[in-house]
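A.B. asks: have a look; sequence and predicted model below, questions after that.
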Amino acid sequence: MTKHAHAPADLKADQMFINFGPQHPSTHGVLRIALTVEGEVVMKGDPDVGFLHRGMEKLFEARTYSQGLILTDRLDYISATHNNLGYCLAVEKLAGIQAPLRAQYIRVLAAELNRIASHLVFFGTFGVDMGAFTPFLYAFREREMIMDLFEMLCGGRLLHSYVRVGGVAADLPAGWTEKCREFLTFFKPMLKDYDTLLSGNPIFRSRTEGVGIIGADRAVSWGLSGPTLRGSGVSYDVRKAEPYCVYDKLNFTVPVGKNGDCLDRYYCRMKEMEQSVEIAFQCLDALAGAELNPGEFMAKGVPKMFKAPAGQAYAHVEASRGDLGFFAVSDGGFNPYRMHVRGPSFINVAILQEILVGCKIADVVAILGSLDIVLGEVDR
Amino acid sequence: MTEETIQPKVLEPVFNHANGRLLMPETRYWPTDMWKSPWSLPTYRRGAAVLAGLILGIAGVAWFIGEIGPRLAPIYSLAEQFALSYGVPAFWIAVVWTFIKGVFVLLAPALNALFAVWWERKISAHIQSRMGPMYVGWWHGALQTLADGIKLFLKEDIVPECADKVVHWLAPVVVLIPAILVFAPVPFGKDLIYANIDIGTVYVFAVGGVSVMGIIMAGWSSGNKFSLLGGLRSAAQLVSYELPRTFAVLPVIMLAGTLNIAEIAGFQAGYWGGIVPRWFIFYPVVGQVAFIVFLIASVAETNRVPFDIPEAESELVAGFNTEYSGMKFALFFLSEFAYVLLSCLLMASFFFGGGAAPLPFLDFLPSWAWFLSKTLILMFCFLWFRWTFPRFRVDRLMDFNWKFLLPVSLINIAAGGILIWLLS
Amino acid sequence: MKNYIAFVFDASWNTLKGLWVTLKVLFLPSITVQYPTEKIVPYARFRGMLAYDAEACIACGMCVRACPSKCIALAKAAPAPVSAPVEGQPAAPAAKPKIEWYTIDYGRCNFCGLCEESCPTKPKKALWHSLDYEAIFSTRAEMVRRWKRGDDLWGTARKTADGQLAPITDQIHIQSVPVRK
């Protein structure tokens, strides 16, 4: 208690400086928050990122377009398919490749399954942040089934590399559709159990209601996106605003919160899982239909190494954590000249410094959990 | 080289365990298959049969042994006669006898921890669709706690550089000693009691309250800010929750007219209409409210979820015991489980009739068996709460205590008075 | 006051419902795999440890180019000398350029599957992801596997004890399901 590493000079006598992380059970990785507390109340909180920096954007420049895809898995490793998809859309735009319709349906299906898996991780870790350990295991039990589905689909359980430039890596294997339907029908009623276990629990509500309120104006001005933004009552979803793949042909709603507190952000994600199940069912129905050519999962004539014409392209997708954008610049070579990633977690985490002030230490965990950041994407 | 030799050879599996097997892709454990008809699974049927057999077997053993207290009395008097015949002064016989009994009281928290940790791990595992410890010991990891205990004994004891060494060393002791002393006036069955003192209830609450000192010491001396916060939180929490916990017992004491725990338990013998036991939990409204308040306050007193804010894993890393390792950490653990056992024993005595059978025809089982089973069921509630609820926030915790539990328990005391007036 | 009582009842009811959920699961069968005694055999597309077949390999180097982390290296064997054409007989076909040595550094492998996709040999791939997921290394030197003609599926690696290349014997566990793509 005598030495304060990096303690601010203006620390008052009754204040305490706490390094919340990078080694802390609930920072979801290696985030450091420099907290100045007065008893239990936070006076100042500065998020400090960069402990997981791997120089991803530079690494893209030394890889060909198909090799770069492998790196995107490692950005937001909880929802790898969204990263793959965003990257591939950007590269396809750059190189002028059009993925076949069947591949687009498969992409949406995989992305929605991955969204469920990612939100399940959020649900579980948010429960753990709140001190309830059981929802974590329940969420991972269901997520394990999605992982099995992905393993069957593409061979990877966490880092899929399934969506490829020009389509997807492989067609749906035999028996996969049935397994997927089996999972979805099992999963839908489980959401009610989750609501009973966590969302309806009075202790949980008392910890999340009115905590970490982000008004709609503030959310927009900080550039938040995804459920973090929608929890504040702003109905912005890339799937609706700028439909990519086949989202314009699918019927779904975007759940929107009201108050912008932790509970709304949490509940938006829970509701999104329901919508994802619906989308997945629609995709499965469409894939079973005859109009989609069964073997056609890849655009014709996309080589492993290709030169993209000089120019630039930006594509963004609604990843589990928000608006994930890839900006690719080509100088006409095999490798991108520059690749920029707009990681939603990185932008969402910035607002911490504003909403942490005045809350309790226990709320820091709740607010951080409700933002649902993945440090692989924050630090890149 | 030909094509055949390239194929991977089927070697003997390295995991050549008695029931080791490879799970082929078709036999992945999916709850969609397994939960549809659990009784069709052979393992599930076998587990249920083993559990039923265990319960019946233990009941049979208990029936065979019978009451321990009356059986020990002749042995004691025999030994006393024997010693007296050799001219040993009666005072020294009493001292030795007290020591022997003391060893048993000392054993209670230790044995309890051995069992309760394993039980908690199994219950938590099955609540979360896991299996829990499965390897150490002959059946479902039954000796896992023993192995963990040995591990904790052998671990390095790390004292942080900036810790206050003496206080850091003293804190687990201050926590543990009251946790053992507190078992003195608590009955484990008929005549199974270390010190049958008349102020038993007051003694338990008074001595149990000392442990909070140790927790504050641990938090302060660790030289860790998270520990400090944990210690301060626990001071506030434990002092606050002492009040409703004590007030919840007051109606029971008023009804029973005594502070002696064994007598309170004995007061509840008998049945209304020959079927409903005269336990305090069945006294209309007053009994139930008192029980619920006492249960909640007990959970808070033992620092368990949803009231585990002093430890608060996700906020304060591990709270007051962040900087403890090895056996010192184990002592905190031991005392936590000792307090859980104590709370369950107290609840069994205060509200569930102690060693009385729930139905008249079941009284062939000895009182200690009923006492133990009630304690275990109540302990299950502790575990059940722990693995269901999230954690309170520190200010809500205080709100809950001062704005809900305390008023309710105060009203309940008045209601208890009215009930006594009605009954008389 | 009315709100207060309503809240208390609502909270208690929701609490009890939550308790019911956990109690329900307590009596349902567990779904965990008891790992060392039960081992999952992955699906056919699983990307496990890379396996290599020196006999099928044509040393084209596609995998080296495809790998994003540059974990593969190989050397072509010098082509066998073509015997001088004999009068009256068709010319002997030129010997395929074959492999001298081939190494994979598992420490850098991404398990992405690009090398396997790019492998052109037919009908069976010379490089493929096996189903083995139980790779254990104790040193970095061990992570580099080397194949030569005649080596078996897992090649040789440098062991710590003597620094010599030794065949891999103790690291391949999930192997009763040979999936050769």
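C.D. replies: Good, I have the coordinates. The structure presented is a predicted model; accordingly, all values stated were derived computationally and were not measured. Residues are numbered from 1 along each chain as shown, chains lettered A, B, ... in the order given.
A.B. asks: what's the closest non-adjacent residue to residue 133?
C.D. replies: Going with chain A. residue B:387 (6.5 Å; C-beta to C-beta, 6 or more residues apart in numbering or on different chains). Backbone N, C-alpha and C define where each C-beta goes, glycine included.
A.B. asks: should've been chain C
C.D. replies: residue C:48 (4.9 Å).
A.B. asks: so who does that neighbour touch?
C.D. replies: C:42, C:111, C:129, C:130, C:131, C:132, C:133, C:174 (C-beta atoms under 8 Å, 6 or more residues apart in numbering or on different chains).
A.B. asks: next one: residue B:117
C.D. replies: Taking C-beta under 8 Å, 6+ apart as the test, what residue B:117 contacts is B:144, B:145, B:148, B:333, B:337.
A.B. asks: what do you get if the cut-off is 6 Å, keeping everything else the same?
C.D. replies: Residue B:117 sits next to residue B:145 when contact means C-beta atoms under 6 Å, 6 or more residues apart in numbering or on different chains.
A.B. asks: tell me the pLDDT of it.
C.D. replies: In this model, residue B:117 is scored at 88, pLDDT.
A.B. asks: go on, residue B:294?
C.D. replies: Predicted confidence (pLDDT) for residue B:294: 90.
A.B. asks: which SS state does it fall under?
C.D. replies: At residue B:294 the chain is in helix, as set by DSSP: H, G, I helix; E, B strand; the rest coil.
A.B. asks: and it, how far is that from residue B:387?
C.D. replies: 21 Å (C-beta to C-beta, to the nearest Å).
A.B. asks: how far does stretch A:153-160 sit from its chain's centre?
C.D. replies: Chain-centre distance of stretch A:153-160: 17 Å, with C-alpha atoms, centre = their mean, to the nearest Å.
A.B. asks: that one near chain B at all?
C.D. replies: No. Stretch A:153-160 does not reach chain B (C-beta under 6 Å from any C-beta of the partner chain); its nearest approach is 12.3 Å.
A.B. asks: so which residues make contact with the helix or strand in which residue B:82 is found?
C.D. replies: Assigned by DSSP states H and E, residue B:82 falls within helix B:68-85. If you take C-beta under 6 Å, 6+ apart as the criterion, helix B:68-85 is touched by B:93, B:190, B:191, B:192, B:368.
A.B. asks: past it, which element shows up next along the chain?
C.D. replies: Next helix or strand after helix B:68-85 toward the C-terminus (DSSP H and E): helix B:90-127.
A.B. asks: list the buried residues for that following helix?
C.D. replies: Judged by neighbour count (16 or more other C-beta atoms under 10 Å in any protein chain shown), helix B:90-127 contains these buried residues: B:93, B:101, B:105, B:108-109, B:112-114, B:116-127.
A.B. asks: and if you look at stretch A:282-293?
C.D. replies: For stretch A:282-293, a neighbour-count test (16+ other C-beta under 10 Å) marks A:282, A:283, A:284, A:286, A:287, A:292 as buried.
A.B. asks: contacting residues around residue 142?
C.D. replies: Using chain A here. A:120, A:187.
A.B. asks: was after chain C, sorry
C.D. replies: Counting by C-beta under 6 Å, 6+ apart, the residues that residue C:142 touches are residue C:157.
A.B. asks: hmm, 10 Å instead?
C.D. replies: C:106, C:107, C:135, C:136, C:157, C:158, C:159, C:160, C:166, C:168, C:171 (C-beta atoms under 10 Å, 6 or more residues apart in numbering or on different chains).
A.B. asks: what about the third one, how many neighbours?
C.D. replies: Right, residue C:135. The local packing of residue C:135 (other C-beta atoms under 10 Å in any protein chain shown) involves 18 other residues.
A.B. asks: go on, the fourth one?
C.D. replies: A count of nearby residues for residue C:136, using other C-beta under 10 Å, gives 8.
A.B. asks: past the lengthiest helix in chain C, which element shows up next along the chain?
C.D. replies: If you go by DSSP state H, chain C has its longest helix at helix C:2-26. Using DSSP H and E, the helix or strand that follows helix C:2-26 in sequence is strand C:38-40.
A.B. asks: elements contacting that next one?
C.D. replies: strand B:21-23 (3 or more C-beta pairs under 10 Å, 6 or more residues apart in numbering or on different chains; DSSP states H and E).
A.B. asks: beyond the strand it packs on, next helix or strand please.
C.D. replies: Counting by DSSP H and E, what follows strand B:21-23 is helix B:31-34.
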